[in-house]
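In: Mind folding the following:
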Amino acid sequence: MRVAGLDEAGRGSLVGPLAVAIVAVRDRDQLALRELGARDSKTLSPGARRRIAAAISGFAYHGTVLAPHWTVDASTRARGGNLNSLEAAAFAKLIAGTCPDLAIVDSPDPRPGRFGALVTSLTEGMNCGARIIALHHADERYAVVGAASVIAKVARDEGIAIYSSRYGDIGSGYPHDARTLKFVDAWMDRWDDYPYIVRREWATLRGHRS
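Out: Sure thing, here's the model as predicted:
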């Protein structure tokens, strides 16, 4: 049986993309992922994430979807749209492209069953009959989801590094990061506008500047 794990990185960020990733392995290879140290990426240092991601790439299939800041903003503005629906669509795309027997998804919805049903509905008609299970904290419970968390975070970190090379030190991109807030404030003070790379629809941005 082929098992896939899916997770995201950057959901709550103020700057930069939302990264969604899938890792797929044979069921018996999940133990190997755990031995590599694949787990919730937030518990790992940047260097450890890069090392584990490189090791995952050596024997497991993986894929990533990057939703840039303007796509996140558009999803937020859309009538009836939200970040959960954007994330579900990205998960469905990755699942359909991989077509595992089982896909375990880290759910952002307080009702995981509802999120799982949404992802399942989005994969209908894509010639993929994967069984989809959505769970809270799946990256802590399943190594294959932890592996996806690592791949997603490394992809997002690379995106942030590219922005930093163009715009200067933007920090991690999260609203709790003083360097990120300093970057936003300095840009606003100089140009009387938000930086192009921020999520303008984020309440944390408006609240910070109010």
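
In: Domain-wise, how is the protein divided?
Out: Per automatic domain parsing, the structural domains of the chain span 2-164, 167-209.

In: okay, how far is it across the first one, tip to tip?
Out: Distance between the two ends of domain 2-164: 38 Å, counting by C-alpha to C-alpha, to the nearest Å.

In: swap in stretch 134-152?
Out: End-to-end distance of stretch 134-152 (C-alpha to C-alpha): 17 Å.

In: For the domains of the chain, could you give me JSON lines that also reports mean pLDDT and mean neighbour count?
Out: No exception for glycine: its C-beta is placed from N, CA and C like everyone else's. Formatted as JSON lines, those follow (pLDDT from 0 to 100; neighbours: other C-beta atoms under 10 Å):
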{"stretch": "domain 2-164", "mean pLDDT": "91", "mean neighbour count": "20"}
{"stretch": "domain 167-209", "mean pLDDT": "87", "mean neighbour count": "16"}
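
In: helices or strands next to the one helix or strand Ile132 maps to in the packing?
Out: Assigned by DSSP states H and E, Ile132 belongs to strand 131-135. Counting contacts by 3 or more C-beta pairs under 8 Å, 6 or more residues apart in numbering; DSSP states H and E, strand 131-135 is packed against strand 102-106, helix 112-123.

In: ok, which stretches of this protein are strands?
Out: Ranges of strands in the chain, per DSSP state E, are 2-9, 18-26, 61-67, 102-106, 131-135.

In: Make TSV from these and add distance to Ser41 to it.
Out: Output for these, formatted as TSV (distance: least, C-beta to C-beta, whole Å):
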stretch	distance to Ser41
strand 2-9	6
strand 18-26	10
strand 61-67	13
strand 102-106	11
strand 131-135	17
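
In: Appreciated, that's everything.
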